[in-house]
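Student: When you get a sec, could you give me coordinates for this:
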Amino acid sequence: MNTVDAVREVVATVPRGRVVSYGDVGKRIGVGPRQVGRVMGLLGDGVPWWRVVRADGTPATCHEGRAPALLRGEGVPMVGARVDMGRGRHRWAH
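Tutor: Have a look, this model is predicted:
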């Protein structure tokens, strides 16, 4: 399986109301977070891109900045403009 397909597969399985970091995705498929970020830029709206955040909880800034609103709509706790990564029940660990 190539990297694009592997990232797509992992991101597609992140449940509603949960998030993963770029590094979390990378660890699952054996690549670095920057590679995951590059691949995420290739994926369209067919996967829940807004559920992938930076390690510090900063949501994606692409797609006209819609990620924070989509995350809040799913009940993901935010502290200011970041996902509260300290609340373990929202960080998905498959």
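
Student: Poorly predicted segments of the protein, please.
Tutor: By pLDDT under 70, the weakly predicted segments of the chain are 87-89, 93-94.

Student: those helices in this protein, which residues are they?
Tutor: Ranges of helices in the chain, per DSSP state H, are 3-12, 22-29, 33-40, 62-65, 67-73.

Student: contact partners of the longest one?
Tutor: Right, helix 3-12. Contacts to helix 3-12, defined as CB atoms under 8 Å, 6 or more residues apart in numbering, come from residues 1, 20, 25, 28-29, 31, 35-36, 39-40, 42-43, 47-49, 51-52, 94. Quick note: C-beta positions are derived from backbone N, CA and C, even for glycine.

Student: out of these, which are buried?
Tutor: Among those, the ones that count as buried by 16 or more other CB atoms under 10 Å are 20, 25, 28-29, 31, 35-36, 39-40, 43, 47-49, 51-52.

Student: Buried residues in stretch 48-67, which are they?
Tutor: Buried residues in stretch 48-67, defined by neighbour count with 16+ other CB under 10 Å: 48-54, 57, 59-60, 67.

Student: Among the residues you listed, which are located in strands?
Tutor: Among those, the members falling in strands (DSSP state E) are 52-53.
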